[in-house]
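Student: no sequence on this one, just coordinates:
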């Protein structure tokens, strides 16, 4: 096709870890080796890139990791790589190691770094990996399904005790600027109210709804709150003060980041990791490997940066209807 | 809109049970009540329809069921309803009870029954619910994601012991005519080979691949087999005879039908259950409530019957590449 | 034996709910019916006793509950029953209903109520049920094993992300006055330090140990804190201030109360529930049904009130040795 | 104490793998290093001993394994080590490597090998590790609790579909000569009948009980069968032929060997692994590290070989009473 053949690619994971990253790294390594390429693992994201923390990745380096949470390549934040000097040094590290292509698992910030390396001449492909599911221009981000699954398993447990005690429970889930986890977990967990950063709300409406429910015979209620919408503790205090209902608060926290990835995340990560290598081989660069309507596509980073994933209006209304 | 307003709808679950059916029934009941309709639960599928095994479903009848596997309405096979007399009797039962619309959770066979009732004048909407995921003309069937999740959790466990013992394991999963569970579970479970009914295979190729793996240093291997492609026990015997490898077989069986539904299945069931009620209200009948490319759509049963879901060629190739 | 035959017994769950209570109630009902007794379920603990919130419990009332968390009989706190008038009224309620024996699932406070009813002439047997495991004079309390299991599943998930990020994680578990959950979860979760209310500690020692670990190459650390020993958030802040390590805090909260009971808890609850009925029939009263060294025993309440379960010195030392 | 100080110990896992072995190996390594000893890991049990498949085990070699199923040291059967020549060669291997003490995780067969090495002059301590729980003279074997937990999670899933379909399910669990898993899983899973090798049974009694249940309104039944008592498939066929009930059979198989160990197994393995090292240091040899009534004890192998763990009569009767 006139595309310069590539012989060696690097792979790194960056930003917050997401369940499924290991499945994705495995797919990169196996697909690359299948096609006769050499693969180098770069540890601790861009920090490791600058430190030259590289190691060769033969087939056995990705044995028995498809089912593990976290990332075997580690991840870290790296301020230095946000500077032009840092990016130049990173480029040089790759050049010195003979790495012509780079697959980056991460989110928006990680893709900005990848874009810079692309501009400097490295073929870079991003793979959307963040439990927040806030990277747009694609069906879903790796890690989101597992995080929601973890959240609903916690909600199911809390439902047991809520039912026994006839109490109100407030559960704060992750999502600083995005309410995707809260909305999906709230729907799947059967929550009475879901508070997300994208939709304005009034706590007095939440309280009014709780009181209507009790008037109709509801014995217990579950409120799911995205951390970016409100502090669970404050919501709990407000409810208790305004209703007198016995109210308990749980902040799920970092359990949502870990755990064996779900089948959905493993399959998605496998597909995208393999596709990222193929794109590299085809000469594509500065783009995200993703699915749109279930089909594999390459989306230019610029388009990714302009896009945004909003919680579907339909799901917000559904949450409202189902919680009568 | 000129559509006759509807006042009372029925809901039943039919065929093999699928995790998520309860979440779907809950959505039907809550959405209907939200819109002022009355809901009647019909137990044991079409068998209960013929027996008049009806009960009113107030809001509290679907409390705390969103997270439960199985179906609170029970399900059963019903030969009598496959006859014209049976269908006529079923229609009469609904008429007598004043039920104008009917939501049917099930698979292909259940939809054929629903089609008959539609032709007799009942507004019927089907909701695709089968772990086999073989109903086409839609993105996914309720229960499939949970079944795959159950299968990979079993594979993960077997992987622990496989790694410790350096053995070959054959795992037979459900799927008489469809390989969707096997393909997804094989991909997500990191299987060396996946045998499905839709793709011809030779056991000698499976053996050759196993031997290549061992020659390259693989210590253990996992083969996933759809029950419709081969008997796990026979595959295991063949492998052992032709390689001498210590080989163990597990037939996952009915564990794949149960368990708390996954978030994916709960959200899908909630969306489709709610949408089925809305379609009924709009006067739509003889159609399946489903998602296509993530969007809610009504697909005429005739189109559903003509369509077929084939395992994606891309996924079959991916399974091959990732198992080198 | 000269013991007056009993014809009708009551059963209630009181105090905080504990996974396994349902399995215990099922065992009470089935054993009583097996022996020809009638069983009455009293809802919401002593509150329901005073309200006369009784219902007959036939065999089918305990079908499919052995695997459920929470309690199908509900539970509540009841201030009124702590007064002499309340206890007298409760006694009268039981008399009026012809209930001669009472099985009480709960903790210390619940047993004090049971003791009063015993003194008034009702045959009462307590069954130790609290996730805190702080009721002494027996091997274990119902619910403890499940709560520890839930805690370590959370710790396992956090370990995934801790490993990926090279961070310190502080995990606060339940236990206001008892460190049993923290100690077991810390040991089983592989924690670097465990802080419990029964053992004095200095945060500077925790910090010194963390720093020794890092000096030896440890990349991440997990600290488990019983809520009665310290606030997780404060421990996290102290560590971060004194080490500069990136530190995250998770407060597990009420997820520890729910979930399907573990096999250990189901078997224990089944044994104790059945044994409680047999004790009632034998004329024993004012005692706790429990296991000591694996054997079923009846322990007089007075002895239970005097005893205390201390964390084993051996386990505390083990946690220290294994976290070098 | 006059005991010769020991400087280097070996550790191996042998026989069938059991969840918790990794937690036990971790405890051996950490305790040994804590006391200033050197530790050598011997891979693949006695096979690796004969091959000299040794590797040093520093602290980091047991990082992040406490939660993993299987065994990081691998395991294998070894016919050669059952001969005198093999044992002599094994002894020589240890001598050559300067290994003075050996900790062996495994079952009865593994302990016989350890006994031989003890007689040849190696300080050997066994740690009871088998899901079958058939090693006597102690409270419990490592791996048993996890296997039961896995079995009841499967039974819970099957119960969902059993309830929906009003069917009879036969579930075959592991246990060739011991019914401990079947009995505990049957009790905790709420089975109608439990068939174990230690207790004679008649299938006609099982059928009669099923029919009594149905006559009383039972809609579904679960029968748990230990593989050593009967073939699940044959039990299923017998029931179907003699009752006409729709009956399904599941053979759980090797999923019971894997999975993250339960808290109970992790704590037990940690205690016994640490204690085994201490016994070695104290000069004890030819004995099993175990708990009896919760206390750590050293039981001479000869006593272990003479003892036998029988299913408790009380539990068998309880299973009978609770399944009316």
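Tutor: Here it is on my side, so go on. On a predicted model such as this, the values are computed, not experimentally measured, just so you know.

Student: What segments of the stretch 201-324 of chain A are strands?
Tutor: Assigned by DSSP state E, counting those that start in this stretch, the strands in the stretch 201-324 of chain A fall at A:221-226, A:247-251, A:287-292, A:295-300.

Student: which helices and strands does the strand or helix carrying residue A:39 pack with?
Tutor: Using DSSP states H and E, residue A:39 sits in strand A:38-42. With contacts taken as 3 or more C-beta pairs under 8 Å, 6 or more residues apart in numbering or on different chains; DSSP states H and E, strand A:38-42 sits against strand A:8-13, helix A:21-34, strand A:54-56. To be clear about C-beta, it is placed using only N, CA and C from the backbone, and glycine gets the same treatment.

Student: What average pLDDT does the helix or strand following the last one get?
Tutor: By that I understand strand A:54-56. Remark: after strand A:54-56, the chain's next helix or strand is helix A:84-96, criterion DSSP H and E. Averaged over helix A:84-96, pLDDT sits at 97.

Student: The helix or strand following helix A:84-96 near chain B at all?
Tutor: Downstream of helix A:84-96, the first helix or strand assigned by DSSP H and E is strand A:101-106. No - using C-beta under 8 Å from any C-beta of the partner chain, strand A:101-106 stays clear of chain B, with a minimum separation of 15.0 Å.

Student: quick one: strand A:101-106 to helix A:84-96, angle?
Tutor: Here strand A:101-106 points in a direction 130 degrees away from that of helix A:84-96 (axes from the mean of the first three to the mean of the last three C-alpha atoms, to 10 degrees).

Student: Contacts for strand A:101-106, please.
Tutor: Identification of contacts with strand A:101-106 by C-beta atoms under 8 Å, 6 or more residues apart in numbering or on different chains yields A:6, A:8-15, A:18, A:21, A:24-25, A:28, A:42, A:45, A:71, A:75, A:94, A:110-111, A:113-114, A:117, A:122-127, A:129-130, A:142, A:273, A:276-277, A:280-281, A:285.

Student: How far does the strand holding residue A:39 sit from its chain's centre?
Tutor: Centroid separation for strand A:38-42 versus its chain: 23 Å, with C-alpha atoms, centre = their mean, to the nearest Å.

Student: Buried residues, that strand. List them.
Tutor: Within strand A:38-42, the residues scored as buried using 16 or more other C-beta atoms under 10 Å in any protein chain shown are A:38-42.

Student: Can you list the strands that it pairs with?
Tutor: strand A:8-13 (parallel), strand A:54-56 (antiparallel) (DSSP bridges).

Student: can you list contacts of it?
Tutor: Here strand A:38-42 has contacts from A:7-12, A:25, A:28-29, A:32-33, A:48-49, A:53-57, A:61, A:73, A:97, A:99, A:102, using C-beta under 8 Å, 6+ apart.

Student: Please spell out the ChimeraX selection for the buried subset of those residues.
Tutor: Burial among these is assessed by 16+ other C-beta under 10 Å; the matching ChimeraX selection reads:
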select /A:8,9,10,11,12,25,28,29,32,33,48,49,53,54,57,73,99,102
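
Student: Let me see the contact set for the most centrally placed residue in chain A.
Tutor: Residue closest to the average C-alpha location in chain A (C-alpha atoms, centre = their mean): residue A:130, at 1.6 Å. Contact partners of residue A:130, counting by C-beta under 8 Å, 6+ apart, are A:15-16, A:18, A:106-107, A:141-144.

Student: among those residues, who's most crowded?
Tutor: Among the contacts of residue A:130, residue A:18 has the most neighbours (other C-beta atoms under 10 Å in any protein chain shown), with 35 neighbours.

Student: Tell me how many other residues surround residue A:231.
Tutor: Residue A:231 has 14 nearby residues by other C-beta under 10 Å.

Student: isn't it right up against residue A:170?
Tutor: No - contact between residue A:231 and residue A:170 fails when scored by C-beta atoms under 8 Å: they sit 9.6 Å apart.

Student: domain parsing for chain A?
Tutor: Split into domains by automatic domain parsing, chain A comes to A:8-143+A:261-306, A:145-258.

Student: quick one: which of the ones you listed is nearest residue D:149?
Tutor: domain A:145-258 (15.9 Å; C-beta to C-beta).

Student: And chain B, is that closest one touching that?
Tutor: Yes - using C-beta under 8 Å from any C-beta, we find that domain A:145-258 touches chain B at A:145, A:148-149, A:151-153, A:156, A:159, A:163, A:184-185, A:187-190, A:216-217.

Student: Can you list which of the residues you listed are found in helices?
Tutor: Using DSSP state H, the members of the residues of domain A:145-258 next to chain B that fall in helices are A:145, A:148-149, A:151-153, A:156, A:159, A:163, A:184-185, A:187-189.

Student: Identify the farthest-apart pair in those residues.
Tutor: Among those, A:145 and A:163 lie farthest apart (C-beta to C-beta), at 26.5 Å.

Student: quick one: which of the two has more around it?
Tutor: Neighbour count, other C-beta under 10 Å: between residue A:145 and residue A:163, residue A:145 has more, with 28 against 21.

Student: quick one, what contacts the nearest residue to the more buried one once chain neighbours are set aside?
Tutor: Nearest residue to residue A:145, sequence neighbours excluded (C-beta to C-beta, 6 or more residues apart in numbering or on different chains): residue A:264, at 4.1 Å. Listed by C-beta under 8 Å, 6+ apart, the contact set of residue A:264 reads A:140, A:145-146, B:145, B:264.

Student: Pick the one among those residues closest to chain D.
Tutor: Nearest to chain D among the contacts of residue A:264, counting by C-beta to the nearest C-beta, is residue B:145 at 14.8 Å.

Student: Wait, that closest one touches residue B:265, no?
Tutor: Yes - the criterion here is C-beta under 8 Å, and residue B:145 meets it with residue B:265 at 5.0 Å.

Student: Report the separation between the residue nearest to residue A:203 when sequence neighbours are not counted and chain C.
Tutor: Among residues not flanking residue A:203 along the chain, residue A:238 sits closest, at 5.0 Å (C-beta to C-beta, 6+ apart). As judged by C-beta to the nearest C-beta, to the nearest Å, residue A:238 and chain C stand 18 Å apart.

Student: And for residue A:238, the neighbour number?
Tutor: The local packing of residue A:238 (other C-beta under 10 Å) involves 17 other residues.

Student: How about the one 5 residues further on?
Tutor: Applying the criterion other C-beta under 10 Å, we find 17 residues in the vicinity of residue A:243.

Student: swap in the one 4 residues further on?
Tutor: The burial count assigned to residue A:247 is 20, neighbours taken as other C-beta under 10 Å.

Student: That one: what's it in contact with?
Tutor: Going by C-beta under 8 Å, 6+ apart, residue A:247 touches A:167-170, A:236-237, A:239-240.

Student: Please tell me which one of the residues you listed counts the most neighbours.
Tutor: Going by other C-beta under 10 Å, residue A:170 tops the contacts of residue A:247 with 30 neighbours.

Student: For that one, give me phi and psi.
Tutor: Residue A:170 adopts backbone torsions of phi -110, psi 130, taken as degrees, to the nearest 10.

Student: Do you know the pLDDT at residue A:12?
Tutor: At residue A:12, the pLDDT value in this model is 98.

Student: can you check residue A:4 too?
Tutor: 85.

Student: Identify the residue spatially nearest to the residue nearest to the centre of chain A, adjacent ones excluded.
Tutor: Using C-beta to C-beta, 6+ apart and skipping residues adjacent in sequence, the residue nearest residue A:130 is residue A:107, 4.0 Å away.

Student: Good, we can wrap up now.
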